[in-house]
Structure formats: structure tokens, C-alpha cells
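1. Structure here, sequence nowhere to be found:
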């Protein structure tokens, strides 16, 4: 497997970052989480003047063999149909990325469909969907490592375009099942606490989903090595995202993390190299029940909690203006000294 040389964040500017934030024309802490965001991006970029440059949202797509067993409310064919919807501009993530002028890309990592070249979908197809892990591994180890390497290369290419801020999305009917199994094994959490409604299953649907996943889990005996877990239960989109995250952190980009499936990829990336966590902002807490367990494992404090569970990076894109506001105040808001305002909060607030 390729090595990712991720640097620990330096603390040499911590004091200056805090001082710059605290001396803006406001009471200390009055901008709440925006102050934490500004501090974090300043640390990642190692500067007192952080910038968001050429932000990108990339949706990675792949089909899952387990979807044939009915673990989702929707059939597997919805995956490729949604990719057409993305490229036609009609999906939620298409709308939100367009709203915020964020460059939007789609990667076919393993969808069971051939797309026309003129759609401008990035073709990194590993296979036409994974195998059904009820009966054996979802993919070979070679395919898993191929996905990781391809994800890293995609980030390398995007970084060369001047991007320093990246958001990940996903599409793959059945991928909440993979995310639940990844959480269970890498987080050492009982599977029944990891399985949720996904695309909208009712109580009986969730029970059936659990039974199917538990059947697959009962045949797995390779422990909690992240590559083994990804090989057996991952999706081609998930393993590609893992590689993209690790490379993005190596390139000192800021990662804005979306919901349940994206956080499962980050959990796997974290188990491969824990330093990746330092480069992450967490956009929101998904309404998928087990997402909070992932966030707790990663020590993450999500910015929003508004009941979203769509995926596609939609939660991250809704959060993006808040992140942008944090950078804007850091660079454009006057300090007490610059504004000629008294620093005594008793006098002015």
C-alpha cells in the first residue's frame, strides 16, 4: 500500500491565532463556533490569514452487491440514474454547489453502468459494483488498494488546480450498510447499534437489513485491520474516498466532512493514519442514528444538527457558508486597535 506522509499540525501560531481572534471588535467568544473554525483553518494552513482557494466538492459513486438483497428502500439502478441527475444539475448537491459557486465533480468508482464520455464524469471504475458480502469479500485486496491509490491521484490532480479546500460526497445504493459494518468493526460497537434507516426503511426493514448484515459479519474472521475491513465490507466509492482523504491531508488541504458514509471512510482513513483527523472540519450530525457514534470515536464536534441524512455532501455544502464566514471575519473584521475602539468590554458591550 502506498504511504501517506501526513504532517502533524504545528502549534507555533496558536497563541497568535487566538490573539487575532480575541482582539476583533467583539466580546471574546462572541462568534462562537466560527472562532473555532477560523482557528482550525489557520492551523491547517499555518497562517494568520487563511484562505479558501478553488473549493471543490467531489461525489464518488459505486454500486454494492448487498443492494440486491433489499437492504435499501431503492433499487440499485438508482445509483446510475442519480449520476445523470447530478450532471444535469437537478440533484440537491448540484443545486447547493452551484448556489455557493463550488466546483462540482463526479467520479465513477464502480457503478454498474457505462456512462457516455461527454457527461464529464471522471471514470475510475474498478468493477461494475462490489460482490455481495453475505457470501464473501466485497472486493479483492488488490481492488481495495487500487481504489485508495486512485483516490489519492484524484486529490493530487485537484490540488494542482489550486484547490486547498475539499468536500467529499458519495452515491451508492446500499452504502449505509457498508458504513454500519465499518463502524461496528473499526469502532468495536455491536452491529445492532450501527444499523439505521438508510434511505427510509421502516422498523421491519431495519430488522431485515440487520439480519442480512449480521449474516455477512458472522462469516468474517479477519479482525479489525482497516484494509481487511474495507476489502470485505467496503464499497468502491468508500475505498476511493479513503485514499482521497489521506492524500488531501498529506497535501495540507482542509477537509469538510459530511455525514454517515463519508465519516465511515474517514474512520477507516483515521485507522490507517490518525493524523488525517487534524485536517478535518465536521459539517453536521446526520440523522442516521449511528453517525454520532462515529463522531464520538473521532472526538468530533459537528457544526450543524438540522436533521439531514441525504448524503451526497449536501450537509457539508449547507454548512459551507458558515465556514466561509469564519474565514471572512478572520481576514476582514477590524481589531479594536484598527477600529480605534476601546478594548474594555464594560465600556462598549
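-> Sure, I can see it. Just so we're clear, the structure is a prediction, and the values are computed from it rather than from any experiment.
2. so how many other residues sit close to residue 211?
-> When counting by other Cβ atoms under 10 Å, one arrives at 12 neighbours for residue 211. Every residue, glycine included, has its C-beta placed from N, CA and C.
3. whoops, residue 225 was the one
-> 13.
4. quick one, phi/psi of it?
-> phi -70, psi 130 (degrees, to the nearest 10).
5. The chain should start at 33 in everything you say after this.
-> Happy to do that; since the first residue is 33 now, the last one works out to residue 257.
6. Check what pLDDT it gets.
-> Residue 257 is assigned 97 on the pLDDT scale.
7. To what extent is the closest residue to residue 222 other than its chain neighbours buried, counted in neighbours?
-> Using Cβ to Cβ, 6 or more residues apart in numbering and skipping the chain neighbours, the partner closest in space to residue 222 is residue 216 (6.9 Å). Look at residue 216: counted by other Cβ under 10 Å, it has 24 neighbours.
8. again with the one 10 residues further on
-> Other residues lying near residue 226 total 27 when counted by other Cβ under 10 Å.
9. quick one: pLDDT of it?
-> pLDDT recorded at residue 226 is 96.
10. How many residues are close by residue 225?
-> By the measure other Cβ under 10 Å, the count of residues near residue 225 is 14.
11. Can you check the pLDDT for the nearest residue to it once chain neighbours are set aside?
-> What sits nearest to residue 225 in space, not counting adjacent residues and going by Cβ to Cβ, 6+ apart, is residue 322, at 6.4 Å. pLDDT, residue 322: 96.
12. Kindly report the same for residue 381.
-> At residue 381, the model reports a pLDDT of 50.
13. Also residue 229?
-> 80.
14. which SSE is the residue nearest to residue 222 in?
-> Using DSSP states H and E, residue 216 sits within helix 207-219.
15. Skip the chain neighbours and tell me the closest residue to residue 134.
-> In space, residue 134 comes closest to residue 87 once its chain neighbours are excluded; the distance is 4.8 Å by Cβ to Cβ, 6+ apart.
16. just residue 350 next, same as before
-> Leaving aside its chain neighbours, residue 350 sits nearest to residue 128 (6.3 Å; criterion: Cβ to Cβ, 6+ apart).
17. Distance of the one you found relative to residue 119?
-> According to Cβ to Cβ, to the nearest Å, residue 128 and residue 119 sit 15 Å apart.
18. cool, residue 268 as well?
-> Here the criterion is Cβ to Cβ. By it, residue 268 lies 19 Å from residue 119.
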